[in-house]
Every structure is written in structure tokens, then in C-alpha cells.
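**Q** Turn this into a structure:
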Amino acid sequence: MNGNLITVIMPLKNGMPYLKDSVNSILAQSISGFELIIVDDHSTDNSIEYLNGLPDSRIRIINNIGEGIADAMNTGLNLVKTKYVAVMDSDDICNPDRLQKQVNILENEKDIVLVGTSIKYIGTKDMERSWGVKMPDGDVEIKNGISKGMYVISHPTVMMVTEAVKEIGGYRRELFPNIDLDLFFRLITKGRFANLTNYFTYIRLRSESFTQQNLFEIVRNSYMMSKQNRFTNSFYDQLAVRIKYLSTKNYKSGLLKYLDHGSILWPFNLLISSLLDLPKSYFYIKNKIVG
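**A** All right, here's what the predicted structure looks like:
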């Protein structure tokens, strides 16, 4: 589409019923110069039927040429002709000014190749409750966090310089399920990173999400990548992975209970999470607040 600065890639697999709110939040952006490429990864629900009924020329629906999230992202990336590429998940919601704020930073600070946003977790029932996550905004703090396996960038919030992402070869399916962290590691060499500290993206937390379904592998791979060539799969490393997994599992479980008005024991899960991983707990206390 001529004149566009941004292409938004949305990987999709059985996105209903949250797909409607997600797509609407992109179409309602305050900036108009963008295209939304939705890559269907073999959905079996009525997601495509719903999308085909949307009369908006900015939407482009294509089929994943492979299978899985990495292939879906690369399928979309191969079609991007714009200066910038943004990512959006099919169950999340973004603020109307998200894309405009991000493109402003990338246009004004030419050495930045990636800009994300702070987030608020939301549940599956309503947006009455949310859990704010303040992301660090400085390049050094972000990159140090990445090297330590900390959650300092949320993949479905990012906007990146298209040329830089293509130069590093896009996403690597062999790094599943940590294709985002792997991308960040390789993109570090191309320029500075930044985050918008305001909450421009609402991340839907649900038990059947990609992250929750692959939580142990994500935690294990994050730990391995943070250790680089120092990971030996020794008893110590295996124990460290198990403790970090239990800490993350309890953290997410507590948030799920809180957001969906579940058990009043959600603070107990957060306490267990804190005791299992004190360095990460300090990070949470420093950067995360209830919204």
C-alpha cells in the first residue's frame, strides 16, 4: 500500500472470541498509514469467516506457508515492504495511540531499531482488573535484562525497523518456543532498544495461551540462552531451571486468579513465586505494579 510506513503482523490460530477486540483496536489506531497482515496458522474455528466479513482495505489475510508461530511470522515478514514492522497478538488489545507513539520514536531517533511498550495484563472475563508491568525504557537496562533472561520486552508490543529484522534472517523455528528472545539477541547488534513506559498494550492472560502451554520450555530455554556457553545441563542447572519454572508458574497462576476474580489465595502464589526466585522478585517489585 503506497504511502504506508508500518505493517502490522498478526499471527492467528483459532482467535475467537478475542480476535474481534484485537483487530478493532488496530483498525482504530490514530495513525492511518499502515497495513494489517493477518497470517492464519491453519485455524479450525470461525476466525477467517469473521475476518472475511470486515470491509477494511487495510486488512490482508494470508495462509501460513509452513506451520507454527515462527513460520507464521516469517510468512508475514516476507511480504512487508514498509519501513517499519509491528507485532500484535490475536487476543491482545492496544491503545489507539500505540503505533503513532512508536513510529514517532523510530523516526526521530534513527539509531533505535526496536521499540516496545509497557503492558497491562488482563483476564478472560473483563477488563475490570488489570496488572501493570512497567518495562524499562533505556537501551542498556533492556539489553542487560535480555542477557539475564528477564522479561524486559513484550514481543506482541514491538515495532521494529524492517530492514534490520530482515538482515538478521527473521525468526528461527529451531528456537521454538523462544523465537522472540532469540530474535532480540540477534537484533541487539543492529542498534538501540527502547520501550514506551506508558501502558499502550493489554496482554490477555489465559490458561490456554501459547505462553502458558509452553511455559516450561520457555523458562528452560531462557535460562539456557542467558547462560550462553556456560549451560552444562548439570544437576545445578536442572535444579535452577525447575526453581525458575515453579516461580514463573506461581506468578502466572496468581495473576490468572486475580484477573479472573478467582481464588482469594492469589497473593499466596505470588509469595511462593517471590521466595523461589529472589532476584526476579526484586525486578517485579521494581517494575511491576497493580493497575
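**Q** And the strands in the stretch 51-200 of the chain?
**A** When assigned using DSSP state E, counting those that start in this stretch, the strands of the stretch 51-200 of the chain occupy the ranges 59-63, 84-87, 93-94, 112-122, 131-133, 159-161, 192-204.
**Q** Quick check: which of the ones you listed is nearest to residue 40?
**A** Smallest distance to residue 40 across the strands of the stretch 51-200 of the chain (C-beta to C-beta): 5.5 Å, for strand 59-63. Where you see a C-beta, it was placed from the backbone N, CA and C, and this is true even at glycine.
**Q** can you pull the buried residues of the closest one?
**A** Counting neighbours by 16 or more other C-beta atoms under 10 Å, one finds that the buried residues in strand 59-63 are 59, 61.
**Q** for the chain, which spans come out with low pLDDT?
**A** In the prediction, the chain carries residues with pLDDT under 70 at positions 1-2, 229, 282-291.
**Q** what's the domain layout of it?
**A** Annotated domains of the chain cover 6-204, 210-290 [automatic domain parsing].
**Q** So which of those domains is the most surrounded?
**A** Burial of these is given as mean neighbour count (mean count of other C-beta atoms under 10 Å); domain 6-204 ranks first at a mean of 19.
**Q** Straight-line length of that domain, end to end?
**A** Start-to-end span of domain 6-204 (C-alpha to C-alpha, to the nearest Å) is 24 Å.
**Q** ditto for stretch 162-174
**A** Taking C-alpha to C-alpha, stretch 162-174 runs 22 Å from one end to the other.
**Q** separation between the residue most central in space within the chain and residue 201?
**A** For the chain, the residue nearest the mean C-alpha position is residue 155 (2.6 Å; C-alpha atoms, centre = their mean). For residue 155, the distance to residue 201 (C-beta to C-beta, to the nearest Å) stands at 10 Å.
**Q** In TSV: the strands of the stretch 51-200 of the chain, plus distance to residue 225.
**A** Below are these laid out as TSV (distance: least, C-beta to C-beta, whole Å):
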stretch	distance to residue 225
strand 59-63	30
strand 84-87	20
strand 93-94	27
strand 112-122	17
strand 131-133	21
strand 159-161	19
strand 192-204	16
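**Q** Tell me what angle the lengthiest helix in the chain forms with strand 112-122.
**A** Longest helix in the chain by number of residues (criterion: DSSP state H): helix 235-259. Using axes from the mean of the first three to the mean of the last three C-alpha atoms, to 10 degrees, the direction of helix 235-259 lies 60 degrees away from that of strand 112-122.
**Q** list the helices and strands helix 235-259 packs on?
**A** strand 112-122, strand 131-133, helix 215-227, helix 266-276, helix 278-287 (3 or more C-beta pairs under 8 Å, 6 or more residues apart in numbering; DSSP states H and E).
**Q** what's next to that helix, contact-wise?
**A** Outside helix 235-259, the residues that touch it by C-beta atoms under 8 Å, 6 or more residues apart in numbering are 121-125, 129-131, 205-207, 212, 215-216, 219-220, 223, 227, 231, 262-263, 265-270, 272-274, 276-277, 280, 284.
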